[in-house]
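sequence first, predicted model second:
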Amino acid sequence: MKLKKLALVFIGSSALLSCITAKEAIAPEELGIRKAPLEEEVVTPPPFEYSKTPPGQSQRFQRAYENAPPQIPHSIEGMFPITLNNNPCLGCHMPDVAKQVGATPIPPSHFIDFYHLPEGKAPKLTDIDKARWNCLLCHRPQANVQPVVKNLFKPEFRKPEAKERSVLHETLLEGTGLEKKQQ
Ligand code: HEC
Ligand code: HEC
């Protein structure tokens, strides 16, 4: 009699246990951040749009952190691909024209050849360093997409003006031993 009762309790509790495990199983849609079944490849990203505001009418973004490459606030429709013979960005951003069109001038760092820095040389160039020729490698237009994961990074700017412009030229050659040679 006692044994029978014990067996019943055992069966009962294992049924309860399996119930709990079934409830705790995580659906594939809840795994990770993609919120889609793992067996199906969802290839279509949500629709998004880049800024259509032409240069001269857009609002500059705050820098992501001190001396971060600024993001492109205006439309770049018709300005790419950047090729060896055609770089439309220069038409407005070269330091000698930038002021007239209200664009930010390309900073001094882009006119230095850093390739030979290990040999103690960083010559100033009269033209853009070819390693910087394709502006879109580092400067990107921005689209109105909600980030999947909220960015909690808070930049700190040592100088208030660094929120809007690069201050790298002030410290660019610090620690290279070339500071004096360049001046
Ligand atoms: C017709 C002139 C023009 C052309 C061409 C142009 N820009 Fe601009 N750009 C501007 C102006 C003007 C601004 C300032 C924001 C505004 O007024 O729209 C600006 C802002 C920027 C900024 C933000 C600078 C800051 O201080 O935050 C970046 C980065 C930039 N442009 C990159 C580019 C790149 C890369 C290209 C080529 C794909 C390009 N621009 C082509 C005129 C131009
Ligand atoms: C290898 C990455 C890289 C490439 C390529 C590049 N930049 Fe930059 N750019 C940066 C970084 C990093 C900064 C901020 C630090 C600095 O001044 O160098 C910057 C800063 C700038 C600024 C802001 C200057 C200021 O005073 O705030 C402008 C404008 C700019 N770049 C334009 C261009 C243009 C136009 C091209 C293409 C001819 C280009 N960049 C190519 C990385 C790059």
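Great, that's in hand. Note that the coordinates shown come from a computational prediction; the quantities given were computed from them, not determined experimentally. Ligands and ions are numbered 1, 2, ... in the order given.

burial measure for Pro70, as a count.
Counted by other CB atoms under 10 Å, the residues lying close to Pro70 total 19. The way it works is simple: take the backbone N, C-alpha and C, and place the C-beta from them, glycine included.

contact partners for it?
Applying CB atoms under 8 Å, 6 or more residues apart in numbering to Pro70 gives the contacts Arg60, Phe61, Arg63, Thr104, His139, Ser166.

with adjacent residues omitted, what lies nearest to the fourth one?
Yep, that's Thr104 we're talking about. Ala98 (6.5 Å; CB to CB, 6 or more residues apart in numbering).

is the host helix or strand of that neighbour positioned near ligand 1?
Using DSSP states H and E, Ala98 falls within helix 95-101. Yes. Under the criterion of CB under 6 Å from any ligand atom, ligand 1 is reached by helix 95-101 at Val101.

just the contacts of Pro70 that are near ligand 1?
Restricting the contacts of Pro70 to those within reach of ligand 1 (CB under 6 Å from any ligand atom) leaves Arg60, Thr104, His139.

quick one, phi psi at Ile72?
phi -80, psi 120 (degrees, to the nearest 10).

so where's this structure uncertain?
Along the chain, segments meeting pLDDT under 70 span 1-23, 180-183.

what parts of it come near ligand 1?
Residues of the chain lying near ligand 1 (CB under 6 Å from any ligand atom): 55-58, 60, 70, 72-74, 76, 79, 88-89, 91-93, 101-104, 135-136, 139.

put the buried members of the contacts of Pro70 into a ChimeraX selection.
The following ChimeraX line selects those of the contacts of Pro70 that are buried, judged by 16 or more other CB atoms under 10 Å:
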select :63,166
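
and Thr171, how far from Ile72?
In this view, Thr171 and Ile72 are 25 Å apart by CB to CB, to the nearest Å.

out of those two, which sits in the busier spot?
Legend: neighbour count by other CB under 10 Å for Thr171 and Ile72, higher for Ile72 (21 against 10).

show me the contacts for the nearest residue to the more buried one once chain neighbours are set aside.
Closest residue in space to Ile72, ignoring its immediate chain neighbours: Pro141 at 4.4 Å, by CB to CB, 6+ apart. Shown in contact with Pro141 (CB under 8 Å, 6+ apart): Tyr50, Ser51, Gln71, Ile72, His74, Ser75, Ile76.
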